[in-house]
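A.B. asks: my questions are about this predicted structure, shown below with the sequence.
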Amino acid sequence: MGMVTQEAIDQLQALMEEVDEPLKTTFKNVHRGYPTETLVRFLKAREGNVSRAHTMLLDCLKWRVENDIDGILAKPIVPTDLYRAIRDSHHVGLSGYSREGLPVFAIGVGLSTFDKASVHYYIQSHIQINEYRDRVILPSASKQYGKHISKCLKVFDMTGLKLSALSQIKLLTIITTIDDLNYPEKTLTYYIVNAPYVFSACWKVVKPLLHERTRIKVQVLPGCGRDDLLKIMDLGSLPHFCRKEGSGSSRHRENSVENCFSLDHPFHQQLYNYIKQQSLIREPTTTSEREPAVGSFL
């Protein structure tokens with residue numbers, strides 16, 4: 001457990017036993033049967049300091065209650081055309097699994113424009129993918145590989161990156177902050193591929209905004225990263241933009257089954273259908289049907 005001692009875990013666990021019932025309920029939805037591992041994640045995020053980890057975890061649980069994060073997978077983004085527009089302008093998807101069973105999420109940074117919907121919808125979509133990962137993808141992977149899997153890998157495609165991408169820094173900072181504060185230690189490694197010349201300039205701006213524990217997990221791979229990534233995953237799990245040098249392939253291909261960014265890809269079809277089904281199960285309320293302010297997610 002590295003810097004996290006058993007004493008620290010016991011102390012944090014004792015503090016969590018004293019929280020109010022609404023926070024206990026959402027904590028169960030966070031740990032999903034693995035409370036100790038969850039406590040370790042928050043302790044690691046605060047260098048093993050029990051008091052700071054306790055504050056961080058309480059703030060996370062309050063954020064979840066105030067924003068009904070437990071119910072966010074029952075709130076589809078409709079109509080479908082709006083959700084498709086979000087997928088076309090915020091490139092993210094699940095390409096497969098590493099040989100160790102870790103889900104491989106692909107993010108097309110260079111060609112994401114974030115210009116087809118309000119900021120709220122991009123944030124909602126991001127949180128929904130986080131929650132779907134934690135509630136469906138990771139438990140399924142744990143069952144398939146016969147061990148507890150709580151982390152994923154992320155591959156960032158920088159194809160098409162321009163300095164103008166820095167204009168999206170505010171939204172990206174919001175998303176990064178949500179992940180840092182509420183989903184700590186969920187990513188084992190961040191791989192950067194297809195990095196153009198301007199990446200260095202953009203990285204100088206973005207790097208200081210990232211927490212040190214995130215920065216040390218970033219690896220910039222040469223070219224499309226194919227050779228390096230094939231050491232940890234099979235060809236079938238490689239994101240489409242890593243399959244071939246110079247593919248420039250964050251752009252949609254005709255084969256939407258290969259392009260994990262497409263709404264037609266199995267991952268997004270399963271996610272979208274899951275959310276629609278959950279929305280039918282959960283009784284809608286006036287509050288949940290309203291579009292909350294962006295600030296409510298922070």
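C.D. replies: Thanks, I have it. Everything numeric in this text was worked out from a predicted model, so none of it was measured.

A.B. asks: A strand includes Phe156, no?
C.D. replies: Yes: under DSSP: H, G, I helix; E, B strand; the rest coil, Phe156 falls within a strand.

A.B. asks: against Cys260, how distant is it?
C.D. replies: To Cys260, Phe156 is 13 Å away according to C-beta to C-beta, to the nearest Å. Placement of C-beta: from N, CA and C, glycine included.

A.B. asks: what does Ser164 give?
C.D. replies: 25 Å.

A.B. asks: contacts only, for the residue lying closest to Thr26 once chain neighbours are set aside.
C.D. replies: Of all residues not flanking Thr26 in the chain, Arg64 sits nearest, at 4.6 Å (C-beta to C-beta, 6 or more residues apart in numbering). Residues near Arg64 by C-beta atoms under 8 Å, 6 or more residues apart in numbering: 26, 29-30, 70, 182.

A.B. asks: phi first, then psi, for Glu37.
C.D. replies: Reported as degrees, to the nearest 10, the phi and psi values for Glu37 are phi -60, psi -30.

A.B. asks: how many neighbouring residues does the closest residue to it other than its chain neighbours have?
C.D. replies: Leaving out its chain neighbours, the residue that sits closest to Glu37 by C-beta to C-beta, 6+ apart is Ser150, at 5.9 Å. Residues near Ser150, counting by other C-beta atoms under 10 Å, number 20.

A.B. asks: can you pull the pLDDT of Ser150?
C.D. replies: Looking at Ser150, its pLDDT stands at 96.

A.B. asks: that one against Tyr34, yeah?
C.D. replies: Yes: in this structure, Ser150 is within contact of Tyr34 by C-beta atoms under 8 Å, at 6.9 Å.

A.B. asks: rewinding a little: got a quick PyMOL command for the buried subset of the contacts of Arg64?
C.D. replies: Buried residues within the contacts of Arg64, by 16 or more other C-beta atoms under 10 Å, are selected in PyMOL with:
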select buried, resi 26+30+70+182
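
A.B. asks: thinking again about what came up before, which of Ser164 and Cys260 has more residues huddled nearby?
C.D. replies: A side-by-side neighbour count of Ser164 and Cys260, using other C-beta under 10 Å, places Cys260 first with 23 against 9.

A.B. asks: state the distance from that one to Gln128.
C.D. replies: Relative to Gln128, and taking C-beta to C-beta, Cys260 is found at 16 Å.

A.B. asks: can you check Lys204 too?
C.D. replies: When Lys204 is compared with Gln128 (using C-beta to C-beta), they lie 32 Å apart.

A.B. asks: the two: which is more packed in?
C.D. replies: Gln128 (21 against 9).

A.B. asks: check which element follows the host helix or strand of the more buried one along the chain.
C.D. replies: Under the criterion of DSSP states H and E, Gln128 resides in helix 119-132. Next helix or strand after helix 119-132 toward the C-terminus (DSSP H and E): helix 138-145.
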